[in-house]
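>>> coords please:
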Amino acid sequence: MDIFKILLIEDNPFFKGIWDSIIGRATKSSYQLDWAVNDFMASELLEKNDYDLIISDIILAGSKTGIDLWIEHDCKDSTYIFTSSIPQDVFLEFMKQTDKAPVPFIAKPLNLNYCIDFLSQVILKGQRTKATKD
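Below you'll find the model as predicted:
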């Protein structure tokens with residue numbers, strides 16, 4: 001059985017438990033949740049591991065943002081989702097500064113039902129992709 005590998009990049013420990021609960025309710029399969037609290041830890045994990053899903057806050061402890069990490073690390077085989085309390089229009093302005101394809105954005109405060117439904121679709125799509133690679 002494949003384990004769905006997820007990286008949460010979030011410097012507020014309050015959100016780790018919330019995301020773990022959301023992911024647990026969104027998936028029916030086993031998953032591994034790695035957690036990075038700053039840009040340095042996230043970079044180390046991204047260099048050593050492949051993830052099916054990366055959920056990243058934008059404003060992080062450290063000198064880099066979640067967007068900086070996304071640009072620096074080639075995560076083309078991962079689904080990348082940004083989350084933040086910054087307004088969505090500010091996020092879109094950040095994104096205009098890149099030449100990469102748009103990435104989903106989930107606003108804080110988190111709407112738990114929306115997050116569960118959204119991640120259910122993302123995880124289901126990722127599991128189908130894994131099944132077709134074999």
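>>> tell me the secondary structure for the residue nearest the centre of the chain?
For the chain, I55 is the residue whose C-alpha lies nearest the centre (CA atoms, centre = their mean; 1.3 Å). Three-state assignment for I55 (DSSP: H, G, I helix; E, B strand; the rest coil): strand.
>>> Is it bridged to anything, and to what?
On the basis of DSSP bridges, I55 is bridged to L8, I81.
>>> ok, now which ones touch it?
By CB atoms under 8 Å, 6 or more residues apart in numbering, I55 lies in contact with I6, L7, L8, I9, E10, W19, I81, T83. C-beta: built from backbone N, CA, C; applies to glycine.
>>> same thing but at 10 Å, please
6-10, 15, 19, 22-23, 33, 66, 79-83, 104, 106, 115, 119, 122 (CB atoms under 10 Å, 6 or more residues apart in numbering).
>>> what's the answer for K108, then?
So K108 contacts N12, F15, D57, I58, T83, S84, S85, I86 (CB under 10 Å, 6+ apart).
>>> Among the contacts of I55, which are located in strands?
I6, L7, L8, I9, L33, T79, Y80, I81, F82, T83, I106 (DSSP state E).
>>> which pair in those spans the largest distance?
Between any two of the ones in strands among the contacts of I55, the greatest separation by CB to CB is 17.4 Å, found for L33 and F82.
>>> any idea which helix or strand carries D89?
Following DSSP states H and E, one finds D89 within helix 88-96.
>>> Just give me how far that helix sits from the chain centre.
Between the centre of helix 88-96 and the centre of its chain there are 17 Å (CA atoms, centre = their mean, to the nearest Å).
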